[in-house]
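Asks: Any chance you could fold what I've pasted below:
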Amino acid sequence: MTLIEVLRRATGYLELHGSSSPRLDAEVLLAFALRLRRLDLYLQFERELGEAELVPYRELTARRGRGEPVAYLTGHREFMALDFEVTPDVLVPQPDTEVLVQRAVEWGRARGDSASLRFADVGTGSGCIAVSVAHYLPGAVVDASDVSAAALAVAGINAARLGVGDRVRLREGDLTKPLEGPYDAIVANLPYLSPDAALPAEVTAQPALALFGGVKLINRLLAAAPALLAPGGIALLELDPSVLEALAVPAAFAGWKLHRDLGGHERVLEAWT
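Replies: As a prediction, this is how the structure comes out:
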């Protein structure tokens with residue numbers, strides 16, 4: 001079969017098996033299997049693919065059809081225009097989280113010299129937030145905490161690969177326990193889903209520790225944050241719109257507001273001292 005015929009069949013298979021982006025998934029996996037850039041596929045549509053090339057692609061497509069995230073199959077995910085290594089030990093970075101990082105970077109740049117800034121990333125996972133903040137705010141130091149040693153290992157790999165390993169400091173422990181303030185900003189994408197939520201297979205394939213926590217974890221961090229923040233500091237927390245009614249922003253914050261994600265949903269809480 002030609003490359004384009006293979007792509008069409010894979011796209012149809014993934015569409016039948018619940019992928020929300022079947023053509024994109026088919027292309028990313030084929031490019032990975034053939035060790036090409038995705039763009040190169042478009043230049044080789046009439047290329048004949050042999051059985052040796054098709055066998056690994058069929059296996060990848062079948063695993064995707066069973067709900068495995070594409071990022072786990074390829075070991076990589078782009079976030080904030082940076083290439084992150086991803087394993088089943090961490091949550092797959094999502095585009096909506098870029099809203100949080102963009103606001104953190106915007107706020108940091110407005111402060112002037114980023115070399116004087118101290119950030120804390122609570123529940124760092126793959127390190128996508130911590131590493132991106134350090135990358136786009138040269139000189140800023142980020143303490144990245146997580147209760148999972150396996151997740152911290154992935155974050156450490158990403159920090160080193162992307163050249164910020166000297167400014168992203170890994171801290172193992174629950175929420176803010178391993179952190180020592182004062183910080184200029186606290187950022188976090190904590191597990192905020194409810195355990196009884198109806199979720200697609202590609203979500204439930206990710207570590208439960210990184211998914212389920214609901215509003216309780218967010219409120220615990222909000223309660224602890226003011227004591228760790230320097231005057232004029234901010235907290236930026238990703239959340240699900242379903243937890244807004246139970247959100248408890250302490251009076252120790254001078255004010256707060258919400259930022260919307262790419263789909264128009266209230267997704268990021270910004271609170272300031």
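Asks: So for the helix or strand where residue 221 lies, what gets flagged as buried?
Replies: Element membership for residue 221, per DSSP states H and E: helix 214-228. By 16 or more other CB atoms under 10 Å, the buried positions in helix 214-228 come out as 214, 215, 217, 218, 219, 220, 221, 222, 224, 225, 226, 228. The way it works is simple: take the backbone N, C-alpha and C, and place the C-beta from them, glycine included.
Asks: hmm, which helix or strand of the chain has the shakiest average pLDDT?
Replies: Lowest by mean pLDDT, DSSP states H and E among the helices and strands of the chain is helix 201-204, with a mean of 88.
Asks: chain center to it, what's the gap?
Replies: 15 Å (CA atoms, centre = their mean, to the nearest Å).
Asks: Same check on stretch 242-255?
Replies: Per CA atoms, centre = their mean, the centroid offset for stretch 242-255 relative to its chain is 23 Å.
Asks: residues touching the residue most central in space within the chain, list them.
Replies: Taking CA atoms, centre = their mean as the criterion, residue 93 is the residue nearest the geometric centre of the chain, at 2.3 Å. Residues near residue 93 by CB atoms under 8 Å, 6 or more residues apart in numbering: 71, 77, 79, 84, 86, 126, 128.
Asks: any idea how far the helix holding residue 221 is from the chain center?
Replies: 20 Å.
Asks: contacting residues around the next helix or strand after that helix?
Replies: Toward the C-terminal end, the helix or strand that comes next after helix 214-228 (DSSP H and E) is strand 229-238. Contact partners of strand 229-238, identified using CB under 8 Å, 6+ apart, comprise 96-97, 100, 103-104, 107, 118, 181-190, 192, 218, 221-222, 225, 253, 267-273.
Asks: from these, which ones fall inside strands?
Replies: Among those, the members found in strands (DSSP state E) are 118, 183-188, 267-272.
Asks: can I see the domain layout of this structure?
Replies: Annotated domains of the chain cover 3-66, 77-272 [automatic domain parsing].
Asks: of all those domains, which gets the most neighbours per residue?
Replies: domain 77-272 (a mean of 19; mean count of other CB atoms under 10 Å).
Asks: Just the terminal-to-terminal distance for that one.
Replies: End-to-end distance of domain 77-272 (CA to CA, to the nearest Å): 31 Å.
Asks: Tell me where this structure has strands.
Replies: Counting by DSSP E, the strands of the chain are 76-79, 82-85, 118-122, 141-146, 168-172, 183-188, 229-238, 255-260, 266-272.
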